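K.L.:
Sequence first, predicted model second:
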Amino acid sequence: MAIEQALQIFVFVILTLMTLGGGLAVVTSRNLFHAALSLILSLAGVVGYYVLLDAGFLAIVQLLIYIGAISILILFSIMLTRGLMTPRQVQRNEQWWIAALVVFLTFVVLIVALWQMVWPIADDEALRTPNVAISQLGEALVGPYAIPFEIISVLLLVALVGAIVLARETENNQGSHAEAGSSE
Amino acid sequence: MTLTQFLVLLLPELVLTLVALVVLGLDMLWRNGNGSRHLLPWIALAGTVALLVAAVLIWPLGSTGGAAITFTTGKDFGGDQTPMMVLDPLALFFKLFTAIVLALVLLSSGNYVRAHIRFHGEFYALILFAGLAMTLSAAATNLLMIYLSLEFLSITSYLLTGYLREDERSTEGAVKYFVYGATASAVMLYGFSLLYGATGTLDLASIAAVLTGSVIPVHWLVYPALIMVLVGLGFKIALVPFHQWAPDAYEGAPTPVTAFLSVGPKAAGFAVLMRLLLTALPGFQLDWISVLAGVAIVTMTLGNLVALWQSNVKRLLAYSSIAQAGYMLIGLVALAPEAHSWTTGLNGLLIYLFAYLFTNLGAFAVVIAVENHTGSAQLDAFAGLMRRNSFLAITMFLFLLSLIGIPPTAGFVGKLFVFGAAIQRQMIMLAVVGIVNSVISVYYYYAIMRQMFFGEAPDAPPFDEGPGLRVAVGVAALMVLMIALYAEPFIRLASDSVSLLAASF
């Protein structure tokens, strides 16, 4: 048992280093492309957290959507636009210390809040048997969650239409080349 | 609940979605040189009428107790199965509200769209979808639904703001709006996650039940969560200090979109704010009242003081709308639990919103008319408007009076109710600041009046505003007078709409 716990803490520390280190690199890296790669590292750390918490489905979804789709999209948009041409970009401006102060204060407030709060914890029985089948998730999506599910589909349509409207060439020089509609 | 009941309760939203999709589809069908494309705004307008009719048809279902809109198949999913939306008087009020906003915006946008906008069908469809998001957010009783519908409204708003792609200020406004909005949404979502973590439920009423029944001290968590949620909603309503996006987005956006932005997202933000605070956090009333009182004072004062220096009417009205949101917030701060008094604060907020809807959309319709004709929304474009188009000048005068709050206009009734509520709750400070600010606001509203009546514009010929704008301005002006002179039905509508909320705490 003790070894198991020690192992768990070890894995947790590694995942935390990945997540926070990656995040730090995202906001400090001078190369936009490196920042995007660091983002993938950070998101992969979160995948590990989900696995550690026995949320297998969430882990897979996180992997597929955030790393498989969104990060790749970000990489593509950087490569398609000016990112690689101007590899040195300073990520700070003259207001960085205000931002740092606000971030630090938020951190203190959150730490105090999370520390003081006694969190309601589900009983051990429920934790030991996380038996949420994917089919149940699917049924919930067309049952109690039918409305949000449908709204998301309408929202995606709207975002798609909007992206095309914003990215489309004007009518007189149409057909020169199609811009990628990646405004999201 | 059977599928039929479920669909009937969702009728207004379904109708609106359907019409928006039809507009999108017909735009594709009619793309190739077909002359019927000018029918698109009329189809969109018919959609808003259909929304109004649907809302009135299902009015009896929701006006008494409120019907939960949920679709249960009788299976046990083991998790949270509380309804996502509700059809109650407040939701019905905002369906009506949305239909009027959409109708006025569509009526006043015809000529402007023909002159400046590239993709007509998509433009009208996006406006309808933004209206759909408004009705959804006002009916949402679940944090997930609240987040989704507000995000829906935000994304459509960003798109509409940046619709003039060749115009740098439109793009600049949209980017600022987007970056600011994304951050505010993220902060709000973090707040939601804290609430969910503490209570284990996303349903507003269940959150209140868990928080009040809890033996462990929860305030450590609720305070940060409350502040974070207020960041997100304050951004939507453009409350100070979350207002910085507003002037640039309002100035850059196509003017009909500015008109929509100044009313639609604000109303949705207030609807969610009322429902969330009163349903989920009634036990923390003293805390959020003191925070909101401070926000209201800062919002009114800053909005008015900065408006004094503006020379662009769109920008001026942007700051004016920030200040107006501050007055409205007084209604929520000064809410009174006893329903027998004439103003419960909450009904004042709704009356104010209703008055503000006609006043502000009317004022913007006049701005659109002037901009259509002169190509500018600067103050001097209004010079001599009285001689060039006396109908617009006189109605604009009426709208400005209403924005100041001078009788006999709707704005006076709104201010009477919110300031009255503040005095009734012994919040004299709030009422005094509100009244002082109303006096300050006379200065910059008068700047527009002076240009219209005494400004010199020697070579400016008379012009005609076109039928759509004439109807929009006329209806708005009529309603501004109606709400003041026959206030009783409007007051009853507002009081009925908040009765359930006011009784819930």
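P.N.:
Thanks, I have the structure now. Computed from a predicted structure; not experimentally measured. Numbers count the residues shown, from 1 in each chain, chains lettered A, B, ... in the order given.
K.L.:
So in the chain, which helix runs the longest?
P.N.:
Since no chain was named, I'll use chain A. Secondary structure assigned by DSSP state H gives helix A:2-28 as the longest helix of chain A.
K.L.:
that answer is for a different chain, and I need it for chain B
P.N.:
helix B:168-199.
K.L.:
Determine the set of other helices and strands touching the helix or strand following that one.
P.N.:
If you walk from helix B:168-199 toward the C-terminus, the next helix or strand you reach (DSSP states H and E) is helix B:204-213. On a contact count with 3 or more CB pairs under 8 Å, 6 or more residues apart in numbering or on different chains; DSSP states H and E, helix B:204-213 meets helix B:168-199. C-betas here are computed from N, CA, C, even on glycine.
K.L.:
just the angle between the helix it packs on and helix B:204-213, please?
P.N.:
50 degrees (axes from the mean of the first three to the mean of the last three CA atoms, to 10 degrees).
K.L.:
Packing partners of helix B:168-199?
P.N.:
For helix B:168-199, the helices and strands in contact under the criterion 3+ CB pairs under 8 Å, 6+ apart are helix B:143-161, helix B:204-213, helix B:219-237, helix B:245-252.
K.L.:
I'd like the distance from that helix to the chain centre, please.
P.N.:
Computed by CA atoms, centre = their mean, to the nearest Å, the chain-centroid distance of helix B:168-199 equals 18 Å.
K.L.:
So for that helix, what gets flagged as buried?
P.N.:
By neighbour count with 16 or more other CB atoms under 10 Å in any protein chain shown, helix B:168-199 contains the buried residues B:170-178, B:180-181, B:184-185, B:187-192, B:194-196, B:198-199.
K.L.:
do stretch B:460-473 as well
P.N.:
Buried residues in stretch B:460-473 (16+ other CB under 10 Å): B:A460, B:E465, B:G466, B:G468, B:L469, B:R470, B:A472, B:V473.
K.L.:
May I have the residues that are in contact with the second one?
P.N.:
Residues touching B:E465, when contacts are defined by CB atoms under 8 Å, 6 or more residues apart in numbering or on different chains, comprise B:A369, B:N372, B:H373, B:N389, B:F391, B:L392, B:V473.
K.L.:
Mark which of those residues are part of helices, please.
P.N.:
Taking DSSP H, the ones among the contacts of B:E465 that sit in helices are B:A369, B:N372, B:H373, B:F391, B:L392, B:V473.
K.L.:
The second one: neighbour count?
P.N.:
It stands for B:N372. By the measure other CB atoms under 10 Å in any protein chain shown, the count of residues near B:N372 is 20.
K.L.:
the domain parsing of chain A - what is it?
P.N.:
With automatic domain parsing as the criterion, the domains of chain A are listed as A:2-94, A:133-184.
K.L.:
Can you pull the poorly scored residue ranges out of the chain?
P.N.:
Just so you know, I chose chain A. Along chain A, the model assigns pLDDT under 70 to residues A:1, A:82-89, A:120-132, A:170-184.
K.L.:
looking at chain B here, not the other one
P.N.:
With pLDDT under 70 as the threshold, chain B has low-confidence stretches at B:1, B:33-34, B:72-81, B:337-341, B:503-505.
K.L.:
one step back: TSV please, covering the domains of chain A and showing mean neighbour count.
P.N.:
As requested, the domains of chain A are exported to TSV (neighbours: other CB atoms under 10 Å in any protein chain shown):
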stretch	mean neighbour count
domain A:2-94	14
domain A:133-184	15
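K.L.:
Any idea which of the ones you listed gets closest to chain B?
P.N.:
Taking CB to the nearest CB as the criterion, domain A:133-184 is the member of the domains of chain A that comes nearest to chain B, at 3.6 Å.
K.L.:
Off-centre distance for the closest one?
P.N.:
The gap between the average C-alpha position of domain A:133-184 and the chain average comes to 18 Å, counting by CA atoms, centre = their mean.
K.L.:
Report whether it contacts chain B.
P.N.:
Yes - if you take CB under 8 Å from any CB of the partner chain as the test, domain A:133-184 does meet chain B, through A:136, A:139-140, A:142-148, A:151-152, A:154-155, A:158-159, A:161-162, A:165-166, A:168, A:170-171.
K.L.:
JSON lines for the helices and strands packed on helix B:168-199, including mean neighbour count?
P.N.:
Written out in JSON lines, the entries for the helices and strands packed on helix B:168-199 read as follows (neighbours: other CB under 10 Å):
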{"stretch": "helix B:143-161", "mean neighbour count": "25"}
{"stretch": "helix B:204-213", "mean neighbour count": "18"}
{"stretch": "helix B:219-237", "mean neighbour count": "23"}
{"stretch": "helix B:245-252", "mean neighbour count": "25"}
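K.L.:
Can you add distance to B:F364 and give the ones you listed back as a markdown table?
P.N.:
As requested, these are exported to a markdown table (distance: least, CB to CB, whole Å):
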| stretch | distance to B:F364 |
| --- | --- |
| helix B:143-161 | 14 |
| helix B:204-213 | 33 |
| helix B:219-237 | 18 |
| helix B:245-252 | 10 |
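K.L.:
Which among these is found nearest to B:T17?
P.N.:
Taking CB to CB as the criterion, helix B:143-161 is the member of the helices and strands packed on helix B:168-199 that comes nearest to B:T17, at 11.5 Å.
K.L.:
Wondering if the closest one reaches chain A at all.
P.N.:
Yes - applying CB under 8 Å from any CB, one finds that helix B:143-161 is in contact with chain A at B:L144, B:M145, B:L148, B:S149, B:E151, B:F152, B:I155, B:T156, B:Y158, B:L159.
K.L.:
Next up, the contacts around the closest residue to the last one other than its chain neighbours.
P.N.:
Leaving aside its chain neighbours, B:L159 sits nearest to A:G162 (3.6 Å; criterion: CB to CB, 6 or more residues apart in numbering or on different chains). With contact taken as CB under 8 Å, 6+ apart, A:G162 is in contact with A:S183, B:E122, B:L126, B:I155, B:T156, B:Y158, B:L159.
K.L.:
separation between A:G162 and B:M145?
P.N.:
For A:G162, the distance to B:M145 under the criterion CB to CB, to the nearest Å works out to 22 Å.
K.L.:
mind listing what the spatially closest residue to B:I428 that is not a sequence neighbour touches?
P.N.:
Nearest residue to B:I428 in three dimensions, chain neighbours excluded: B:A422, at 7.5 Å (CB to CB, 6+ apart). Applying CB under 8 Å, 6+ apart to B:A422 gives the contacts B:I330, B:V333, B:A334, B:G345, B:I428, B:L430, B:A431, B:G434.
K.L.:
switch to 7 Å and redo it
P.N.:
Going by CB atoms under 7 Å, 6 or more residues apart in numbering or on different chains, B:A422 touches B:I330, B:A334, B:L430, B:A431.
K.L.:
most surrounded residue in those residues?
P.N.:
The most neighbours of any of the contacts of B:A422, using other CB under 10 Å, belong to B:I330, which has 32 neighbours.
K.L.:
Surely that one and B:A296 touch.
P.N.:
Yes - between B:I330 and B:A296 there is a contact under CB atoms under 7 Å: 5.4 Å.
K.L.:
sorry, back to before: got CSV for the contacts of A:G162, with distance to B:F412 too?
P.N.:
Written out in CSV, the entries for the contacts of A:G162 read as follows (distance: CB to CB, whole Å):
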residue, distance to B:F412
A:S183, 44
B:E122, 40
B:L126, 35
B:I155, 36
B:T156, 33
B:Y158, 35
B:L159, 36
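K.L.:
now, among those residues, which is nearest to A:A100?
P.N.:
Nearest to A:A100 out of the contacts of A:G162 is B:Y158 (CB to CB; 28.1 Å).
K.L.:
My read is that the closest one contacts B:V179, right?
P.N.:
No - using CB under 7 Å as the test, B:Y158 is too far from B:V179 to be in contact (9.7 Å).
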